[in-house]
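Visitor: give me a model of this one.
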Amino acid sequence: DRVGNAIFYLTMQELFVWNFMQTDPNWGNFLYDVETKQTTLLDFGATRSYSKEFVDGYLRVVWANANRDRDTLLDITTQMGFLTGEENEEMITAHVQSGFTLGEPFLKDEEFDFQKSQISSRLSAHSAAFMKHRLTP
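Guide: This next block holds a predicted model:
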């Protein structure tokens, strides 16, 4: 959980403070030092900067996910171009359920148990719907 929380904190700093993010989030791009409990990014080849407008919109997406607000989530993600508005119900359901899953760490003002949550495996359950029904890149 310490590693999950460290990467979670780093991700929030990257996007919402620095407006800059490492966009290749595989485990090979992070170094975790057990002794110092410090997480370090190793590969900046896939980094990208984001406009204030995008970051503000994405923060609204995070809020909608954490509050399980389906209508706001669909409205904002369509406005931002993550959805076209023409998706079928299977894609909408996968999008909303994935969003709500990603919003879980924000539900309570306390440390989140990443290991117990099984977020990664629950998200992967929606990958087939994304691959088959996604209308935007």
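Visitor: please make it C-alpha for all contacts and neighbour counts, starting now.
Guide: Noted.
Visitor: and the most centrally placed residue in the chain, which of the three is it?
Guide: In the chain, the residue lying closest to the centroid (C-alpha atoms, centre = their mean) is Leu102, at 5.7 Å. Three-state call for Leu102 (DSSP: H, G, I helix; E, B strand; the rest coil): helix.
Visitor: please identify which helix or strand holds Leu31.
Guide: Using DSSP states H and E, Leu31 falls within strand 30-33.
Visitor: cool, and Ala94?
Guide: helix 89-103.
Visitor: roughly how far apart are the residue of the chain most remote from its centre and Gly28?
Guide: Distance to the chain centre peaks in the chain at Glu35, reaching 27.8 Å (criterion: C-alpha atoms, centre = their mean). Relative to Gly28, Glu35 is positioned 19 Å away (C-alpha to C-alpha, to the nearest Å).
Visitor: in whichever helix or strand comes after the helix holding Ala94, what's buried?
Guide: Remark: after helix 89-103, the chain's next helix or strand is helix 114-117, criterion DSSP H and E. Residues of helix 114-117 classed as buried by neighbour count (16 or more other C-alpha atoms under 10 Å): Phe114.
Visitor: try stretch 85-102
Guide: Neighbour counts over stretch 85-102 (16+ other C-alpha under 10 Å) mark Met91, Ile92, Ala94, His95, Val96, Gln97, Ser98, Gly99, Phe100, Thr101, Leu102 as buried.
Visitor: ok, back up a step: could I have the strand holding Leu31 exported to PDB, CA atoms only?
Guide: C-alpha atoms of strand 30-33 as PDB (Å, rounded to 0.1, in the frame of the first residue of the first chain):
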ATOM      1  CA  PHE A  30       9.200   3.900 -11.300                       C
ATOM      2  CA  LEU A  31      11.900   3.200  -8.700                       C
ATOM      3  CA  TYR A  32      10.800   2.600  -5.200                       C
ATOM      4  CA  ASP A  33      13.500   2.800  -2.500                       C
END
